[in-house]
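Peer 1: Using only what follows, build the 3D model:
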Amino acid sequence: MSDATEVIRASGLAKRYPPRVDALADVSLVVHRGEFVAILGPSGAGKTTLFRCLTGLTRPDAGAVNVRGHEVSALRGRALRTARREVALIFQQFNLVRRLSALQNVLVGRLADAPTWRVLARRFSRADREHALRCLDTVGLREKADTRADQLSGGQQQRVAIARALAQDARVILADEPVASLDPESAATVLECLRTAVATGVAVVASLHQVPYACAYADRIVALRDGRVVRDVHAAGIDPRTLEHIYGKNGGPAA
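Peer 2: Numbers count the residues shown, from 1 in each chain. Modelled structure (predicted):
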């Protein structure tokens, strides 16, 4: 039985790719409101497939994904699009419109709630603009509101992507390797912004390559290996023996 704080429940997910590659095998995961969960695992562990199943971009061969009361894996058409509004995606590549300003990119997060004519004319309401500016302020970029995305640093672009997710009013942020292409200082700033989102009650699930970042910023760590969950522990419970179980004898990436 689920409780009122659950925002994601994945149960018994399985996904096989030809010829006989089990990307996921009986993967279960529960994420609660205001929780930061880091997904760790070596290359090929199934992290990307898990993210795609959580968003409905890939349908599992078995199992189910429930996001805030909606069984995503069973939805189609408009019902699926409505359920996806609860979830914001952040990628390693930022996925901003480079010729638009930071503010205009954040306003993209309001498209689902704006009338069609406003979308076509790019004329958002004052309330939407004020909301977008507050989201930029949350990630420390209000002063960059009118700066084109292609004039921002990589870390700043990723923070704009987080502000866009907040403007969407998503209750879950799924971040797939959000700091993999950033320098350590920028990566730390981006992860701090995600922690700020968690403080507002948003749940964050982030696939991370760097174990120290996961330990420093996540509340919980879920580790995958060969498509299976091998650890689901509090971040403070990660030790060398656990890392060996996740990554093998090399103990995994140190930074």
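Peer 1: For stretch 54-61, buried residues please.
Peer 2: Within stretch 54-61, the residues that count as buried by 16 or more other Cβ atoms under 10 Å are 54, 55, 56, 58, 60. For the C-beta atoms, the positions are set from N, CA and C on the backbone; glycine is no exception.
Peer 1: Over to stretch 91-101?
Peer 2: 92, 94, 96, 100, 101.
Peer 1: For residue 59, see how far away the first one is.
Peer 2: Counting by Cβ to Cβ, to the nearest Å, the separation of residue 92 from residue 59 is 23 Å.
Peer 1: again, but for the second one
Peer 2: For residue 94, the distance to residue 59 (Cβ to Cβ) stands at 27 Å.
Peer 1: got a list of contacts for the strand or helix carrying residue 231?
Peer 2: Using DSSP states H and E, residue 231 sits in strand 228-234. Residues outside strand 228-234 that contact it (Cβ atoms under 8 Å, 6 or more residues apart in numbering): 24-29, 46, 219-224, 242, 245-246.
Peer 1: Low-confidence regions, this protein specifically.
Peer 2: Applying pLDDT under 70 to the chain picks out residues 1-2, 73, 75, 79-84, 112-122, 249-255.
Peer 1: okay, which residue is most central for it?
Peer 2: Per Cα atoms, centre = their mean, the C-alpha nearest to the average position across the chain is that of residue 174, at 1.5 Å.
Peer 1: Next, the contact list for it, please.
Peer 2: 51, 54, 55, 87, 88, 89, 90, 205, 206 are the contacts of residue 174 under Cβ under 8 Å, 6+ apart.
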